[in-house]
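*Asks:* need coordinates for the below:
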Amino acid sequence: MKYAVVDDTEKFAFREGELRVRGNPVIRVTHAGVCGTDMSSWREGAHYKGLILGHEYAGIIEEPGDSGLFRRGDRVAGYTQNVFQEPCGHCEFCLRGDFASCDNRTVKTWKGGDLTHPGAYSEYTTWFPRSIYKLPDSIGLDEAALIEPFTVGLHAVSLADIQKGDKVLVLGGGIIGLTVAEWVRGYGVSEVTVTEMNTEKAAIISAYGVADHVVPAGAPDLLEQLCGISGDGYDVVFDCVGYASAINAGIAALKTEFYKKFIGVGLPQDAQAINYRDLVLRQTIFRGSKGHSFQEFERTASAMASKEINVAKYISKRIRFSNLQEGFEELKAGRGLDTKAIVEMG
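*Replies:* I've put the predicted structure just below:
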C-alpha cells in the first residue's frame with residue numbers, strides 16, 4: 001500500500017509498505033481531514049520525520065478483524081481519542097466511554113517504520129475496534145471526516161452549562177471556534193459573537209451565518225467593540241486560540257455578575273500571562289476542555305445524520321492524496337483562509 005510520511009521540514013514523501021494487522025479491522029481510507037496539528041507537524045518537519053499524519057478520517061472496512069463488530073463494506077469513521085493508545089475497556093473511564101482518560105492505555109506507534117497503527121494519510125489504516133464508529137447511511141464519507149473536530153466543539157459546549165438567552169463570545173474563527181458557534185445555536189442563546197484575526201477570513205465567517213457578529217481580533221479597540229455589542233457583557237466565553245491577549249480580552253468581556261463561564265479550548269504552546277485577578281474578582285468559572293467522549297462522537301454523528309448541523313459547508317478545499325505535498329503548500333500560502341481542508345484518497 002502507499003502512504004505518506006513527514007520526510008523533512010514542510011515535506012512529505014510517499015512510501016510503499018505492508019500493514020501489520022494484528023487482528024484489528026483494516027480500513028480503506030476514502031477521506032482524511034487536515035487538522036491544525038497535521039499542518040504544524042508538517043511545518044516542523046525533522047522532529048516528526050517518518051510520521052504518518054491524519055487522525056480525522058472516514059473509510060470502508062476492507063477486513064473486519066477479530067472483534068466480530070464489523071463486516072466488509074461497512075462505512076466507518078475514526079474515533080480519534082484512541083488512535084495511538086489502546087484503552088483497557090474495563091476501568092471507570094472506559095465504562096462511561098471516556099477512553100481518552102483511561103489510565104491503563106497501551107501505547108502504540110504511528111511512525112512509518114512500524115505500520116502497526118498508521119495515521120490516515122495512507123491508502124489503508126488499521127485501528128482498534130473501540131476507535132471505529134459505524135456510520136449511518138445519511139452521512140457522506142467526506143462529511144464523516146469532520147465528525148472529530150465537531151465533537152471537540154460539542155465537548156467544550158457541554159462543559160459550559162449554557163442557558164437559553166445567554167450571550168456567547170467565541171475567540172477564534174478557525175474550525176473549532178466555528179463548531180462551538182454551531183453547537184451553541186441549539187441552546188437558544190440570544191447572540192453569538194466570533195472574533196477573527198484575519199479580516200478576509202472574518203468576511204468568510206460572516207457568510208456562514210453562524211455568528212451574529214464577527215469582530216476583527218486585531219483591532220486596538222477590541223474590548224470596546226465587544227462591550228458595545230454585548231451591552232453588559234457575555235455570559236459564556238470560549239477561547240479557541242490559546243493566546244494570552246485574546247484570553248484576557250475574553251475575561252474582560254464577561255459580565256460582572258457571579259459565576260459566568262470561561263471555557264478554554266485553544267491549547268497554549270507555553271505558559272501564558274493570564275489576568276487571574278479578573279477571574280477571581282468576577283468569580284468566573286474557568287474550565288479547560290480536552291478531547292471528547294465516544295458518546296459525544298455518537299451525538300455528533302447523529303446530529304449530522306438528522307441534518308441538525310450542516311458540516312459540508314465548511315469543507316473549503318479538497319486535496320487529492322497524490323497531490324498531498326502541493327495541497328499543504330497551497331494551504332500554507334492561503335494565509336489561513338481555508339476553513340477546513342480534506343484529503344481525498346480516490
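*Asks:* buried ones in stretch 42-56, by neighbour count?
*Replies:* Across stretch 42-56, burial judged by 16 or more other CB atoms under 10 Å covers Trp42, Gly45, Tyr48, Lys49, Leu51, Ile52, Leu53, Gly54, His55, Glu56. From N, CA and C alone the C-beta is placed, and that goes for glycine too.
*Asks:* how many other residues sit next to Phe258?
*Replies:* For Phe258, the neighbour count with other CB atoms under 10 Å is 9.
*Asks:* and it, which helix or strand is it part of?
*Replies:* Using DSSP states H and E, Phe258 falls within no helix or strand.
*Asks:* does it really touch Thr284, like I thought?
*Replies:* No: taking contacts as CB atoms under 8 Å, Phe258 lies outside contact range of Thr284: 9.1 Å.
*Asks:* in TSV: the buried residues of stretch 42-56, plus distance to Arg318, pLDDT and secondary structure.
*Replies:* TSV is the format used below for these (distance: CB to CB, whole Å; pLDDT from 0 to 100; DSSP: H, G, I helix; E, B strand; the rest coil):
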residue	distance to Arg318	pLDDT	secondary structure
Trp42	18	95	helix
Gly45	24	87	helix
Tyr48	24	82	helix
Lys49	27	86	coil
Leu51	23	87	strand
Ile52	20	90	coil
Leu53	17	92	coil
Gly54	15	93	coil
His55	18	91	coil
Glu56	14	95	coil
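*Asks:* distance of the residue lying closest to Ser190 once chain neighbours are set aside relative to Val210?
*Replies:* Among residues not flanking Ser190 along the chain, Gly165 sits closest, at 4.9 Å (CB to CB, 6 or more residues apart in numbering). Separation of Gly165 from Val210 (CB to CB, to the nearest Å): 18 Å.
*Asks:* neighbour count: the two, which is higher?
*Replies:* Neighbour totals were compared for Gly165 and Val210, and Val210 leads with 25 against 11 (other CB under 10 Å).
*Asks:* show me what contacts that one?
*Replies:* Leu178, Ala181, Glu182, Arg185, Val192, Val194 (CB atoms under 8 Å, 6 or more residues apart in numbering).
*Asks:* apply 6 Å and report the result again.
*Replies:* Applying CB atoms under 6 Å, 6 or more residues apart in numbering, we find Val210 in contact with Ala181, Glu182.
*Asks:* for it, give me the pLDDT.
*Replies:* On pLDDT, Val210 comes in at 96.
*Asks:* look up phi and psi at it.
*Replies:* phi -90, psi -20 (degrees, to the nearest 10).
*Asks:* same question for Lys261.
*Replies:* phi -110, psi 140.
*Asks:* same thing with Gly153?
*Replies:* Dihedral pair for Gly153: phi -70, psi -40, per degrees, to the nearest 10.
*Asks:* which secondary structure state does the closest residue to it other than its chain neighbours sit in?
*Replies:* Closest residue in space to Gly153, ignoring its immediate chain neighbours: Thr179 at 2.9 Å, by CB to CB, 6+ apart. Under DSSP: H, G, I helix; E, B strand; the rest coil, the three-state class of Thr179 is helix.
*Asks:* so what's Thr179 up against?
*Replies:* Here Thr179 is in contact with Pro149, Phe150, Gly153 (CB under 6 Å, 6+ apart).
*Asks:* try 7 Å
*Replies:* Shown here is Thr179, whose contacts under the criterion CB atoms under 7 Å, 6 or more residues apart in numbering are Pro149, Phe150, Val152, Gly153.
*Asks:* and which of these is nearest Ala303?
*Replies:* For the contacts of Thr179, the residue nearest Ala303 by CB to CB is Phe150; the value is 8.1 Å.
*Asks:* relative to Val180, how far out is the residue nearest to Ser190?
*Replies:* 18 Å.
*Asks:* got it, and Glu62?
*Replies:* Separation of Glu62 from Val180 (CB to CB): 35 Å.
*Asks:* quick one: contacts for the residue nearest to Trp183 when sequence neighbours are not counted?
*Replies:* Distances taken as CB to CB, 6+ apart put Val157 closest to Trp183, at 4.3 Å, once the chain neighbours are dropped. Residues counted as contacts of Val157 (CB under 7 Å, 6+ apart) are Val180, Trp183, Val184.
*Asks:* quick one: which of those has the most company?
*Replies:* Most neighbours among these, by other CB under 10 Å: Val180, with 32 neighbours.
*Asks:* touching, it and Cys240? I think so.
*Replies:* Yes: contact between Val180 and Cys240 holds when scored by CB atoms under 7 Å: they sit 6.4 Å apart.
*Asks:* got any residues that touch both of these two?
*Replies:* Val170, Val265.
*Asks:* can I see the domain layout of the chain?
*Replies:* Following automatic domain parsing, one finds the domains of the chain at 2-149+292-344, 160-288.
*Asks:* could you tell me the least trusted of the ones you listed?
*Replies:* Among those, domain 2-149+292-344 carries the lowest mean pLDDT, at a mean of 89.
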